[in-house]
Every structure is written in C-alpha cells, then in structure tokens.
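In: The following comprises the amino acid sequence and a computationally predicted model.
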Amino acid sequence: MRTLQETFSSKGFSVLAFPCNQFGSQEPGTDAEILEFATSRYQANFPMFSKIDVNGDTACELYQWLRSEKPDDAGKSDIPWNFTKFLVDGDGHVIARYAPTVTPETIGEELRKML
C-alpha cells in the first residue's frame, strides 16, 4: 500500500488505513502501538486511523456504508478478513471492493486507468 501512496498521491489519491482486531486478534495493540509497528516494519506513509470494528453491531458507520455500497462477488457484505480494500473516487462513490488477497500492484493497474 505504501507504493500506491507514493505513486499516486500527487494525483489526489490517498490510502487510508483502519486497523481492526476482529480477525484473529491481529491488531491487539493500542493505536500508538499499531502505528509504530506499521511505520517501522512496513514504512507506512499514509494516514492510519484509530482501531475500529468493521463487522457486526459495533461496526463503524464508514464500514457499514462501504459494505452496503459494495458487497463481495458472492453478494455478502461482511468483511471476511483483514486487508479487504475499497476504492472510493473523489466524489464519494465506491468504485471497487478488493479481497484481502488482491495485491497493491493489481490495484495500481486499475488506478493508472482512472487517474
């Protein structure tokens, strides 16, 4: 994701990261600990927001909206695992939803066509 931020930020694109601990307790730390880990281990260079829930009754409003706007290919709205990604255009339209296994390189190919 760092590469997407570096490549496309000059064209108005930004990666926004929302840590979530609902998937195998992969984000158990505080916001500060998560930020430190992401920046020191992966050189994250994009905004990192506070930890949220993305599924269930406690899901934040942003993810409730993203999920309703773009269910997965099977028509399910729940987020199956960390690193599910959404592409939102400058007008607030949800353009795409990407499975956790979709690479930043694949997303970059699509961004090149859009930007």
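Out: On my side now, so go ahead. Quantities reported herein were computed from a predicted structural model and do not represent experimental measurements.
In: center of this structure - which residue?
Out: Centroid check for the chain by CA atoms, centre = their mean gives residue 85 as the closest residue, at 4.2 Å.
In: Now do the nearest residue to that residue once chain neighbours are set aside against residue 32, distance only.
Out: With sequence-adjacent residues excluded and distances taken as CB to CB, 6 or more residues apart in numbering, residue 85 is closest to residue 98, at 4.2 Å. Where you see a C-beta, it was placed from the backbone N, CA and C, and this is true even at glycine. Distance, residue 98 to residue 32, using CB to CB, to the nearest Å: 28 Å.
In: Distance of the closest residue to residue 51 other than its chain neighbours relative to residue 68?
Out: Ranked by CB to CB, 6+ apart and with sequence neighbours excluded, the top spatial neighbour of residue 51 is residue 19, at 4.5 Å. Note on residue 19: its distance to residue 68, by CB to CB, is 22 Å.
In: More neighbours: residue 98 and residue 32, which one.
Out: residue 98 (18 against 8; other CB atoms under 10 Å).
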